[in-house]
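Peer 1: build me a model from this:
(2 chains)
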Amino acid sequence: GENVEQHPSTLSVQEGDSAVIKCTYSDSASNYFPWYKQELGKRPQLIIDIRSNVGEKKDQRIAVTLNKTAKHFSLHITETQPEDSAVYFCAASRETSGSRLTFGEGTQLTVNP
Amino acid sequence: SAVISQKPSRDICQRGTSLTIQCQVDSQVTMMFWYRQQPGQSLTLIATANQGSEATYESGFVIDKFPISRPNLTFSTLTVSNMSPEDSSIYLCSVSHAGSSTDTQYFGPGTRLTVL
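Peer 2: Numbering: from 1, shown residues only, chains lettered A, B, ... in the order given. Okay, here's the model as predicted:
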């Protein structure tokens, strides 16, 4: 089955700096890669996703890049703000799995004012 | 995106008892899933709830321990049976529409279960 590894497990940055979280996956057939943000006591919220037919996707301060050859994808957050502090999870799935997601272990991002 | 609700939001239960968690969606969805999130951990898929048929369980999860129902396209239940303290977790349902461009998954608010 799919295995997703996520690094780093914790990340602390100063407000205004950029943050990068990286994930690798094992199943070359995976073709859908979402990122979720989970604030303490809240549900995971989808913040951005990418499919295997594109290499990069941006949404304001957030971007995701995908390298299919190397089987890794990354989340980039620019101009970080204290409200970006949360746990971020990457995930992977493939169409033939019926949308079943395999999650990474999560990254605790802290943005210091 | 669909509005997803879960009941109860939290519960404290005694070991050996069972708890049924409900997941309700405000629109018809193709796929419904149940996840477990142990304290400070990531999300682990328990099973896919199939409408009108038996759920599909992931490795390490069995129907006797986590029976699931899905009577229609907007509702599912997960029962945690014969509970032990190790079952203390957050249980989340998620929904999506299967398909290459619409399989984005959205999560319910979760049910926080504590087993004493």
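
Peer 1: pLDDT at residue 32, what is it?
Peer 2: This is for chain A. In this prediction, residue A:32 carries a pLDDT score of 90.

Peer 1: ah, no, chain B please
Peer 2: 93.

Peer 1: for residue A:95, same thing?
Peer 2: 69.

Peer 1: for residue A:113, same thing?
Peer 2: For residue A:113, pLDDT reads 93.

Peer 1: cool, residue A:98 as well?
Peer 2: 66.

Peer 1: and the one 3 residues further on, by the same measure?
Peer 2: Among the per-residue scores, residue A:101 shows a pLDDT of 91.

Peer 1: that one and residue B:50, how far apart?
Peer 2: 17 Å (Cβ to Cβ, to the nearest Å). Glycine gets a C-beta too; all of them are placed from N, C-alpha and C.

Peer 1: tell me where chain B has strands.
Peer 2: B:4-7, B:10-13, B:19-25, B:31-37, B:43-49, B:56-57, B:68-72, B:75-80, B:89-96, B:106-107, B:111-115 (DSSP state E).

Peer 1: between residue A:101 and residue B:50, point out the one with more neighbours.
Peer 2: Under the neighbour definition other Cβ atoms under 10 Å in any protein chain shown, residue A:101 and residue B:50 were set side by side, and residue A:101 has more, 24 against 15.

Peer 1: and that one, what are its phi and psi?
Peer 2: phi -100, psi 140 (degrees, to the nearest 10).

Peer 1: just checking, it touches residue B:103?
Peer 2: No - taking contacts as Cβ atoms under 8 Å, residue A:101 lies outside contact range of residue B:103: 9.5 Å.

Peer 1: that older thread, right, and the strands of chain B - which one's nearest residue A:4?
Peer 2: strand B:43-49 (11.1 Å; Cβ to Cβ).

Peer 1: residues in contact with that closest one?
Peer 2: Contact with strand B:43-49 is made by A:44, A:89, A:98, A:100-103, B:31-38, B:55-58, B:61, B:66, B:68-70, B:76, B:78, B:91-93, as judged by Cβ atoms under 8 Å, 6 or more residues apart in numbering or on different chains.

Peer 1: buried ones only from those residues, please, as a PyMOL command.
Peer 2: To isolate the buried subset of these in PyMOL, counting by 16 or more other Cβ atoms under 10 Å in any protein chain shown, use the following:
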select buried, (chain A and resi 44+89+98+100+101+102+103) or (chain B and resi 31+32+33+34+35+36+37+55+57+58+61+66+68+70+76+78+91+92+93)
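
Peer 1: thinking again about what came up before, can you say which of the strands of chain B is nearest to residue A:83?
Peer 2: Proximity to residue A:83 (Cβ to Cβ) singles out strand B:106-107 among the strands of chain B, at 19.6 Å.

Peer 1: quick one: mean pLDDT over the closest one.
Peer 2: 94.

Peer 1: how near is the spatially most central residue of chain B to residue A:101?
Peer 2: Nearest residue to the geometric centre of chain B (Cα atoms, centre = their mean): residue B:34, 3.0 Å. Residue B:34 is 12 Å from residue A:101, where distance means Cβ to Cβ.
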